[in-house]
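> pasting a predicted model and its sequence here:
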Amino acid sequence: MAELTRDPIPVERLVAAITRPECGAIALFLGTTRDHHDGRRVTQLAYEAYEPMALAALDALERAAVDRFEVAACRIVHRIGEVPLTEASVAVVVAAAHRAPAFDACRWAMDELKRTVPIWKKEHYAEGGENWVEGTKLG
Amino acid sequence: MAELTRDPIPVERLVAAITRPECGAIALFLGTTRDHHDGRRVTQLAYEAYEPMALAALDALERAAVDRFEVAACRIVHRIGEVPLTEASVAVVVAAAHRAPAFDACRWAMDELKRTVPIWKKEHYAEGGENWVEGTKLG
Amino acid sequence: MTITVLFFAQAREHAGAPRRTLELPDGSRVADALAALEREHPRLAELWPHLAVAVDQRLAGRDALLAHGAELALLPPVSGG
Amino acid sequence: MTITVLFFAQAREHAGAPRRTLELPDGSRVADALAALEREHPRLAELWPHLAVAVDQRLAGRDALLAHGAELALLPPVSGG
């Protein structure tokens, strides 16, 4: 089951929860708030979600990763609200017997997440002002 | 700087140490002890290293990852000694501005590690017995 | 009939609120709802070309029929991750 | 001259120890050291086809010259990760 949270994403707990004896490989991706974008200095990101639909889409992604790749499990956590610099807005973690499908599934789930889940990101700039990040039309 | 350790690998600390404001992506791979291999039940792995040469090789891999890919940093920790089921024997973590090179570098470093670093892995089996895992000739 | 409209991101800012109710004639479709919203919030129109909509949490086309009590969500291009 | 030999993995098991010293004539090469080791530990010979060796922590060929005090490491195929 995927998760939306307003708190920092607990990486150690996520990794512990997906670890299982039949798996030899865990791939984890974290998207973190970066201090620049398109030449502008970013001070923080703020995320907004259509929560029930986003959760259903993330759950569907977790299941699709297991269906498409030779992996045992996929878990996704997305943070909403304000995410300060260096903190993670999203974590995708995959457990598999072998590392190639673990990497493939983790990467695929992140790519899909960015274009299929109703979540929006706003940048706040050091020089003032804010902007919704250009996104991808759903559907 | 890479690390060899006889203790459990501290994932949260590794991720925290590589996180930096100019990066938006962190890719982490963990290799964990799996309960089966080639149809045999495995109870534990034991790793042995030519420690100074292994450390130098891992340091070189960290630098090569940064030279070859658009990534800011790569850190590798390998555990030696006994590694029980589900615990990590190796961690490779990469920080980058963007996720594609983070994944590429992490995967490349793991592939290289397996064939260029003087570390050896022995499997212990549930039915008794033990075996050095078939490896790759150096050089 | 009455539906609930949810606004997200730029749509929320243009509408000035995250949600509202909207009265529509029976048999209205998504396009009718958007037209009604545009009359009250003209700036929403700039979003239409790239807007997706969901009805009761499923993506729907502009010609989808709306039922009394439906939840219509206005979804600008997404940028999670 | 005297060198130190380090044995790893299967080489360690076949030699019965992780390290030893070895006396060799001056001007000996890696191949001479391996031949001397094989005389004392015949099972090591099965490793030669896939063995790499390092001299003073650098990979070296069978014809590399050894110096007094050198550290020769016998490295079976590696399997880290």
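Yes, it's here. Residues are numbered from 1 along each chain as shown, chains lettered A, B, ... in the order given.

> what about A:H124, which helix or strand?
Assigned by DSSP states H and E, A:H124 belongs to strand A:119-125.

> mind listing what residue 56 touches?
Just going to use chain A. Residues near A:A56 by Cβ atoms under 8 Å, 6 or more residues apart in numbering or on different chains: C:Q57. Heads up, the C-betas are built off the backbone N, CA and C, glycines and all.

> hmm, I had chain C in mind actually
Shown in contact with C:D56 (Cβ under 8 Å, 6+ apart): C:A70, C:E71.

> mind checking the backbone torsions on it?
Geometry field for C:D56 lists phi and psi as phi 50, psi 40, criterion degrees, to the nearest 10.

> tell me where the chain has strands.
Looking at chain A here, since you left the chain open. Using DSSP state E, the strands found in chain A span residues A:3-5, A:25-32, A:36-37, A:40-49, A:73-79, A:81-84, A:88-96, A:119-125, A:130-132.

> the chain in question should be chain C.
Going by DSSP E, chain C shows strands at C:2-7, C:19-23, C:52-55, C:58-60, C:71-75.

> wait, which of those strands is closest to chain A?
Ranking the strands of chain C by proximity to chain A (Cβ to the nearest Cβ) places strand C:52-55 first, at 3.7 Å.

> and for A:R34, the neighbour number?
Residue neighbour count, defined by other Cβ atoms under 10 Å in any protein chain shown, stands at 20 for A:R34.

> my guess is it contacts B:P21. True?
Yes. Between A:R34 and B:P21 there is a contact at 6.9 Å, judged by Cβ atoms under 8 Å.

> still on that earlier bit, partner strands of the strand holding A:H124 and their direction?
strand A:40-49 (antiparallel), strand A:130-132 (antiparallel) (DSSP bridges).

> most tightly packed of these?
Stretch with highest mean neighbour count among the strands paired with strand A:119-125: strand A:40-49 (a mean of 19; mean count of other Cβ atoms under 10 Å in any protein chain shown).

> surely C:A36 touches C:L24?
Yes. Here C:A36 lies in contact with C:L24, judged by Cβ under 8 Å, at a distance of 6.5 Å.

> need the overlap of contacts for the two.
Common neighbours of C:A36 and C:L24 (Cβ under 8 Å, 6+ apart) do not exist.

> mind checking how far the helix or strand of chain A with the lowest mean pLDDT is from the chain centre?
Averaged element by element with mean pLDDT, DSSP states H and E, chain A has its least confident helix or strand at strand A:36-37 (a mean of 94). Remark: strand A:36-37 is offset 19 Å from the chain centroid, using Cα atoms, centre = their mean, to the nearest Å.

> elements contacting it?
For strand A:36-37, not one helix or strand is in contact under the criterion 3 or more Cβ pairs under 8 Å, 6 or more residues apart in numbering or on different chains; DSSP states H and E.

> any residues touching it, and which ones?
A:V42, A:E123, A:V133, B:E22.

> report the longest helix in chain C, please.
Taking DSSP state H as the assignment, the helix of chain C that covers the most residues is helix C:30-40.

> what are the contacting residues of that one?
So helix C:30-40 is in contact with C:3, C:5, C:15, C:22, C:24-25, C:44-45, C:48, C:53, C:55, C:60-64, C:66, C:72, C:74, going by Cβ under 8 Å, 6+ apart.

> try stretch A:128-139
A:37, A:46, A:114-116, A:118, A:120-125, C:9-10, C:50-52, C:59, C:75-79.

> need the contact list for A:F29.
A:90-93, A:106-107, A:110, B:25-28, B:99, B:102-103.

> ok, now with 6 Å
By Cβ atoms under 6 Å, 6 or more residues apart in numbering or on different chains, the residues touching A:F29 are A:V92, A:C106, A:M110, B:A27.

> what's the answer for C:P42, then?
Not one residue lies near C:P42 by Cβ under 6 Å, 6+ apart.

> for chain D, see how far away it is.
60 Å (Cβ to the nearest Cβ, to the nearest Å).

> again with C:L24
Taken as Cβ to the nearest Cβ, the span from C:L24 to chain D is 61 Å.

> tell me the pLDDT of the residue nearest to A:R99 when sequence neighbours are not counted.
Closest residue in space to A:R99, ignoring its immediate chain neighbours: A:A25 at 4.1 Å, by Cβ to Cβ, 6 or more residues apart in numbering or on different chains. As predicted, A:A25 sits at a pLDDT of 98.

> give the contact list for A:A25.
Contacts of A:A25 (Cβ under 6 Å, 6+ apart): A:A96, A:H98, A:R99, A:A102.

> 7 Å - rerun?
Shown in contact with A:A25 (Cβ atoms under 7 Å, 6 or more residues apart in numbering or on different chains): A:A96, A:A97, A:H98, A:R99, A:A102, B:G31.

> out of those residues, which end up buried?
Those of those that meet the buried threshold are A:A96, A:A97, A:R99, A:A102, B:G31, by 16 or more other Cβ atoms under 10 Å in any protein chain shown.

> of those, closest to chain C?
Looking across the buried ones among the contacts of A:A25 and measuring by Cβ to the nearest Cβ, the closest to chain C is A:A102, at 18.9 Å.

> OK, contacts around C:P77?
Going by Cβ under 7 Å, 6+ apart, C:P77 touches A:E134, A:G135, A:T136, A:K137, C:H50.

> how close does it sit to A:G139?
Look at C:P77 and A:G139: by Cβ to Cβ, to the nearest Å, they are 11 Å apart.

> can you count the residues close to the residue in chain C positioned nearest to chain B?
Using Cβ to the nearest Cβ, the closest approach of chain C to chain B is made by C:G81 at 8.3 Å. Counted by other Cβ under 10 Å, the residues lying close to C:G81 total 24.

> what of C:Q57?
Neighbours of C:Q57 (other Cβ under 10 Å): 17.

> quick one: name the residues of chain A near chain B.
A:11-12, A:15, A:19-32, A:34-36, A:85-86, A:97, A:99, A:103, A:107, A:110 (Cβ under 7 Å from any Cβ of the partner chain).

> quick one, which of those are buried?
By 16+ other Cβ under 10 Å, the residues of chain A next to chain B give A:11, A:15, A:19, A:23-32, A:34-35, A:85-86, A:97, A:99, A:103, A:107, A:110 as buried.

> so what's the most centrally placed residue in chain A up against?
Nearest to the mean C-alpha position of chain A, by Cα atoms, centre = their mean, lies A:V90 at 3.1 Å. Applying Cβ under 7 Å, 6+ apart, we find A:V90 in contact with A:G31, A:H78, A:R79, A:L113, C:G80, C:G81.

> and it, bridged to which residues?
Assigned bridge partners for A:V90, using DSSP bridges, are A:G31, A:H78.

> quick check: A:E130 vs chain C, distance?
10 Å.
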